[in-house]
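Undergrad: For reference, the sequence and a predicted model appear below.
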Amino acid sequence: MRVGLHALGIGDGARPETIRAVATAAEAHGFARLWCGEHVVLVDTPTSRYPYAANGRIAVPADADWLDPLLALTFAAAVTSRIELASGVLLLPEHNPVLVAKQAATLDVLSAGRFTLGVGVGWSAEEFAALGVPFAGRGRRTDEYLAAMRALWTEDPATFTGEFTRFDAIRVNPKPLRGGRLPVVVGGNSDAALRRAATLADGWYGFNVPAADVPTRIAVLADECTRQGRALDELTVAVALSDGTPEHLAALSAAGVTELVVVDAPPPTPEAAATWVAKLARTWIRPDQ
C-alpha cells in the first residue's frame, strides 16, 4: 500500500524552510504523495460544525498561518522531482473555476505531471460568507465547476453553460500533461461525498476516518460505483485515519484502500523536520524493519 503524508501548509509546516525539509525527506524516504489542505478563512468563534471531529471543532487555531495549497505545493514541486502532490482538499465552490483550472494545470506542468486535484464542498458558512459565495447549493456548484474545468482542460476553445458559470469559446492554457486528464479526487466522509467521488472523480479521500468505519465507507463507495457503471478499482482510495496504527495496514489494504495518508504536524526546525519524516517512514512505510 502507498503511504502519503499530509503535513504541509499550516503553522510550522507553513515555513518555507520546513516545507523544503519535509518535502525532500518525504521523497527520499519513500512517501508516495504530499497532501496540503485549504482554508481561506477561519474565525475565532465559529457556529458551523466541523465534521471531522467528535466535538465539532477544528483543532487548528484561527490565528495560525495556513498557506494556499496550490502555492505551497508549487514550492514543494520545485524542491522535489518524484514525489506526487495533492490538494487535500481545495474547497472548490469558494473559487472561480476558470482560475482554478488554470492554476491546477500550471502546477501539473511545473511538477511534470505529479499533481492530483483534491476538492471538497466545504463546511464553514462563515468562510463562504466572507468570500461572498452562497453556502447553500455548494454541492451543485462543485459538480458544475468540475464539469466546467474538465471542459477547459480538454477543449480549445472551450464553451460551457451552467447554473453558476458560463463561458464561450475561450482558451485557457496550459493544459494538464496527461492528455487533459488531470486526476481529481473528492474529499469528505458523507454519503454525498462518496456519491460525488463515484460519479465525477478519479478517487476518494476520506479524512480523519475511524479505522473501524473504513470498510463501511468503502462499501458505500463501491455501491455508488456500481450505480454509475464503474468498478471500485477504477478509483484511488486514500484514507487518513483518526486512530490508526501500522497494525491496521493489512486490513485497510484488504478493504480496498490504495493509500494511507499520515496526518501530522512537523517540528519547527528543518533538521528536526527531516528527522521526524524519517521516523514516520520507519513507522508507516517499513513497520517491520
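TA: Everything's here; your move.

Undergrad: Which positions in stretch 259-269 come out as buried?
TA: 259-263, 266-267 (16 or more other C-beta atoms under 10 Å). Every C-beta, even on glycine, is put in place using the N, C-alpha and C of the backbone.

Undergrad: Out of those residues, flag the one nearest to Pro183.
TA: Using C-beta to C-beta, Glu259 comes nearest to Pro183 of the buried residues of stretch 259-269, at 12.3 Å.

Undergrad: Surely the closest one and Arg2 touch.
TA: Yes. Using C-beta atoms under 8 Å, Glu259 is in contact with Arg2, at 4.2 Å.

Undergrad: tell me, what's touching those two both at once?
TA: In terms of C-beta atoms under 8 Å, 6 or more residues apart in numbering, Glu259 and Arg2 are both contacted by the residues 32-33.

Undergrad: contacting residues around stretch 91-104?
TA: Under C-beta under 8 Å, 6+ apart, the answer for stretch 91-104 is 38-40, 70, 90, 115, 117, 119-122, 127-128, 131, 133, 138-139, 141-142, 144-146, 148-149, 152-153, 165, 167, 170, 172-173, 176, 182.

Undergrad: what about that stretch, how long is it end to end?
TA: 13 Å (C-alpha to C-alpha, to the nearest Å).

Undergrad: what about that stretch, average pLDDT?
TA: Here stretch 91-104 scores 98 as its mean pLDDT.

Undergrad: Also stretch 17-27?
TA: Stretch 17-27 comes out at a mean pLDDT of 98.

Undergrad: With just CA atoms, put it into CSV.
TA: What follows is stretch 17-27, C-alpha atoms only, in CSV (Å, rounded to 0.1, in the frame of the first residue of the first chain):
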residue,chain,number,x,y,z
GLU,A,17,12.5,26.0,5.2
THR,A,18,10.3,23.4,6.8
ILE,A,19,8.4,22.7,3.6
ARG,A,20,11.7,22.1,1.9
ALA,A,21,12.9,19.8,4.6
VAL,A,22,9.7,17.8,4.8
ALA,A,23,9.2,17.5,1.1
THR,A,24,12.8,16.4,0.3
ALA,A,25,12.9,14.0,3.2
ALA,A,26,9.5,12.5,2.3
GLU,A,27,10.7,11.9,-1.2
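
Undergrad: Any figure for the gap between the residue positioned nearest the centre of the chain and Leu152?
TA: Closest to where the C-alpha atoms of the chain average out (C-alpha atoms, centre = their mean) is Gly88, at 1.9 Å. Using C-beta to C-beta, to the nearest Å, one gets 22 Å for the distance from Gly88 to Leu152.

Undergrad: and what of Asp168?
TA: 12 Å.

Undergrad: more crowded one of the two?
TA: Leu152 (25 against 9; other C-beta atoms under 10 Å).

Undergrad: Check the burial of the residue nearest to that one when sequence neighbours are not counted by counting its neighbours.
TA: Closest residue to Leu152 apart from its sequence neighbours, by C-beta to C-beta, 6 or more residues apart in numbering: Ala101 at 4.2 Å. A count of neighbours around Ala101, defined by other C-beta under 10 Å, yields 25.

Undergrad: And for Leu85?
TA: Neighbours around Leu85, by other C-beta under 10 Å: 27.

Undergrad: Please identify the helix or strand for it.
TA: Element membership for Leu85 (DSSP states H and E) is strand 84-87.

Undergrad: Name every strand pairing with the next helix or strand after that strand and say which way it goes.
TA: Next helix or strand after strand 84-87 toward the C-terminus (DSSP H and E): strand 90-91. Note on strand 90-91: by DSSP bridges, its sheet partners are strand 115-120 (parallel).

Undergrad: Find the nearest non-adjacent residue to Leu107, please.
TA: Phe115 is the one closest to Leu107 (C-beta to C-beta, 6+ apart), at 4.8 Å.
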